[in-house]
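S.K.: no sequence for this one, just the structure:
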């Protein structure tokens, strides 16, 4: 237990409360915030690199893949997706626990709740692998 030793003269446990709706908005907003930040940084600091094409077609904004492939943009994107995936994993396990208690007596629903957990974990793992294992860095 984390003690709030001496915080404002009280020796009570330190408790941080975050509402579920705030957590959901923060989780959903992380990829959008990361994308907007990456496009902005690419447009301001790496405009020629992020909008240039081999066929000399003029681009006015960088594509998503171009704006998250340069440094430091790729690190910002990876950080936001990494933070985004942790609450998604918690929600997947929470749904699994809910479904297991709700449909504990029926085998078919219990099997479906296990399949739901497996697909949610695979989706999140796929998102993380797609984000962190770059084809340009690791062949």
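M.R.: That came through, no problem. Computed from a predicted structure; not experimentally measured.
S.K.: what segments of the chain are helices?
M.R.: Listed in chain order, the helices of the chain (DSSP state H) span 20-45, 47-51, 64-67, 73-102, 107-132.
S.K.: save these as CSV, and put in distance to residue 12 too.
M.R.: C-beta here means a position set from N, CA and C on the backbone, and glycine is covered the same way. Formatted as CSV, these follow (distance: least, Cβ to Cβ, whole Å):
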stretch, distance to residue 12
helix 20-45, 23
helix 47-51, 50
helix 64-67, 46
helix 73-102, 26
helix 107-132, 36
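S.K.: distance to residue 57, mean pLDDT and mean neighbour count added to those helices, as a markdown table?
M.R.: A markdown table is the format used below for the helices of the chain (distance: least, Cβ to Cβ, whole Å; pLDDT from 0 to 100; neighbours: other Cβ atoms under 10 Å):
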| stretch | distance to residue 57 | mean pLDDT | mean neighbour count |
| --- | --- | --- | --- |
| helix 20-45 | 17 | 91 | 14 |
| helix 47-51 | 10 | 80 | 15 |
| helix 64-67 | 13 | 82 | 16 |
| helix 73-102 | 22 | 91 | 15 |
| helix 107-132 | 26 | 90 | 13 |
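S.K.: looking at the ones you listed, spot the one closest to residue 13.
M.R.: For residue 13, the closest of the helices of the chain is helix 20-45, at 20.6 Å, according to Cβ to Cβ.
S.K.: elements contacting that closest one?
M.R.: Under the contact definition 3 or more Cβ pairs under 8 Å, 6 or more residues apart in numbering; DSSP states H and E, helix 20-45 sits against helix 47-51, helix 64-67, helix 73-102.
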